[in-house]
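Enquirer: just need the structure, nothing else, for what follows:
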Amino acid sequence: MAELAVVVVNHNAGTFLPGCLSSIHAAAGDLALDVVLVDNASTDGSTEDAERAHPSLRILRNRANRGFAAAANQGVAATSAPLVFLLNPDAEIIGGSLPALVKVAGDRPGAAVLGPLVRNSDGSIQASARKVPDLLESLGHAFLGPFSPDNRFSRAYTMAEWDRSSEREVEWVSGCAMLVRRDAFEAVGGFDEGYFMYVEDVDICTRLRQVGWTVLFSPEVEVVHETGVSARKRSRRLAFEHSRSIYRYFSKYRARGPAVLLKPLVKVAVWLRALLVSRGSRARPSATRTGPRATGQRGRPSG
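Expert: The predicted model follows:
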């Protein structure tokens, strides 16, 4: 029986997928792995390339793009290991090992979710472990974050003063690289499939904390993540998808008591944010393999 299942959800990740899969096997050590690729109707040949490169890879093919939450649940359900590591196809393990991650989980039996250290391709740290913002922080980050990421609301939300050099309990970690304990994950029903993309990670961490589990960040393992590879050609649509997910989360957890009266205001605010972001976004250049992804370097960013 596999000690660890690894689930990768792919949708047109292109040349990033082979690096992701290779990094999983390189980081496995002597751990018994069950690696599953869930393909969400990719059309770029990435899954076929992965199949040729890794003949033992288990592949689940969807005829349509089911979104991350549904496809991740599908992948978890197809495995039986007690721990499951969810890794984006545009992410690679660059430091530490999967056995080390499993050991952290074993040493922290109260943690249902464990997030590793995540870096951008230039070596800087991604704020992959965060707090759940209050309403003021949410609004400040939503409107200022895309244009002025160093504003005080975004800094509070992303816990910017923390250097992420130490293990710490947090309120949520990013689904781009997330270890989950199967019994806890299944007990709360897995990811909420009402989220097509975005915020499903915040949601499941919230539900798990509500029933007494903790969420843990550990720098024991490092991952480099090239943000949003499969989303770049659909940036306008996904700006609105992001806002829809934010509104869903607010409706589930914050719109209670007198706060229910804020639902119309919040709905207008998140859609206005999507409009501003989609209009303000500019075409970005194609992702290239730079920094630690290309060189294997693990140096910490300066400053």
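Enquirer: can you get me the start-to-end distance on stretch 154-173?
Expert: Start and end residues of stretch 154-173 are separated by 16 Å (CA to CA, to the nearest Å).
Enquirer: mind checking the pLDDT average for it?
Expert: Looking at stretch 154-173 alone, the average pLDDT works out to 96.
Enquirer: got it, and stretch 118-136?
Expert: The predicted model assigns stretch 118-136 a mean pLDDT of 94.
Enquirer: okay, it in CSV with CA atoms only?
Expert: Included here for stretch 118-136 are C-alpha records, laid out as CSV according to Å, rounded to 0.1, in the frame of the first residue of the first chain:
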residue,chain,number,x,y,z
VAL,A,118,6.5,28.1,-1.8
ARG,A,119,8.7,30.3,-3.9
ASN,A,120,8.2,32.3,-7.1
SER,A,121,10.4,31.4,-10.0
ASP,A,122,12.8,34.2,-9.1
GLY,A,123,13.4,32.7,-5.7
SER,A,124,11.2,35.2,-3.7
ILE,A,125,8.7,33.7,-1.2
GLN,A,126,5.1,33.4,-2.2
ALA,A,127,2.7,34.2,0.6
SER,A,128,1.2,30.7,0.5
ALA,A,129,0.3,30.6,4.2
ARG,A,130,-2.1,33.3,5.3
LYS,A,131,-4.7,34.4,7.7
VAL,A,132,-8.4,34.7,6.8
PRO,A,133,-8.9,38.4,6.5
ASP,A,134,-11.6,40.3,8.3
LEU,A,135,-14.1,42.4,6.2
LEU,A,136,-12.0,45.6,6.2
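Enquirer: buried residues in it?
Expert: When burial is assessed from 16 or more other CB atoms under 10 Å, stretch 118-136 yields the following buried residues: 118-121, 123, 125-130, 132-133. In short, each C-beta sits where N, CA and C put it, glycine included.
Enquirer: so which of those residues sit within strands?
Expert: Within these, residues falling in strands by DSSP state E are 118-119, 129-130.
Enquirer: can you tell me which of those lies nearest to His225?
Expert: Taking CB to CB as the measure, Val118 is the one of these closest to His225, at 5.2 Å.
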